[in-house]
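Engineer: model this:
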Amino acid sequence: MFKVKFIERNTEDKTVFNFYDEISRIPLEIVFSKEIKMKTGRNRDNLSDQSFIEFKFNDSTLELGLITFISLKSFQLLENVKNQKFISTDRYIMYLDDMKNEEFIRFNHDTEIYKINSALLIQFDSLDQETLNYYSLNHRLSIGVNDGMELKSLFIDNIQQVEIELLF
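Structural biologist: Numbers count the residues shown, from 1 in each chain. As a prediction, this is how the structure comes out:
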């Protein structure tokens, strides 16, 4: 999709996971920075046949501030996959590493959604998970990138059954 870079986090993580409620009406919103959420920034999104995901970055620092995810597509079950591959103890801050100075870019990559134990894997393009490197943004969310540092997947851990019902 688009290029990103990661810098090791040395500050407290204040990420908030908002699942569907009567106020926001968005199935999943992951807020890294309330300031970036409220400001204009650089948006990169992916719209496939039944799924939409948006990444909002700070306009000047290019730091990730918000992820919004909506899907009408159901998930597929994956078994015999270890969650430890996706979540590490190191924590990172994600930045847009895109030389395009455009405020908004839309992609149309196929999106697959998998449920693995108590986690969700959202994958763009069909590819082998073994070829990706994962960077943990916090204790629940990791970003998968290829060797070119292009974002290819999200892994959300510790999803409760009620949260899955709110998403789908």
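Engineer: list of residues touching stretch 138-153?
Structural biologist: 1-6, 13, 15, 17, 30, 55, 86-88, 91, 94, 97, 121-125, 127, 129, 131-137, 154-158 (CB atoms under 8 Å, 6 or more residues apart in numbering). (Glycine included, C-beta is placed from N, CA and C.)
Engineer: buried stuff in it?
Structural biologist: For stretch 138-153, the neighbour count (16 or more other CB atoms under 10 Å) marks Asn138, Arg140, Leu141, Ser142, Ile143, Gly144, Val145, Asn146, Glu150, Leu151, Lys152, Ser153 as buried.
Engineer: now those residues in a markdown table, with distance to Glu165 and pLDDT?
Structural biologist: Formatted as a markdown table, the buried residues of stretch 138-153 follow (distance: CB to CB, whole Å; pLDDT from 0 to 100):
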| residue | distance to Glu165 | pLDDT |
| --- | --- | --- |
| Asn138 | 23 | 92 |
| Arg140 | 18 | 91 |
| Leu141 | 20 | 93 |
| Ser142 | 23 | 94 |
| Ile143 | 25 | 94 |
| Gly144 | 25 | 93 |
| Val145 | 30 | 93 |
| Asn146 | 32 | 91 |
| Glu150 | 32 | 93 |
| Leu151 | 27 | 94 |
| Lys152 | 27 | 93 |
| Ser153 | 23 | 92 |
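Engineer: sort out for me which of the residues you listed are in strands.
Structural biologist: Among those, the ones falling in strands (DSSP state E) are Leu141, Ser142, Ile143, Gly144, Val145, Leu151, Lys152, Ser153.
Engineer: show me the contact partners of the helix ranked longest in the chain.
Structural biologist: Across the chain, the helix with the greatest residue count (assigned by DSSP state H) is helix 161-167. Residues outside helix 161-167 that contact it (CB under 8 Å, 6+ apart): Phe19, Tyr20, Pro27, Leu28, Phe69, Ser71, Phe75, Lys115, Leu120.
Engineer: show me what counts as buried in stretch 8-28.
Structural biologist: Phe17, Phe19, Tyr20, Pro27, Leu28.
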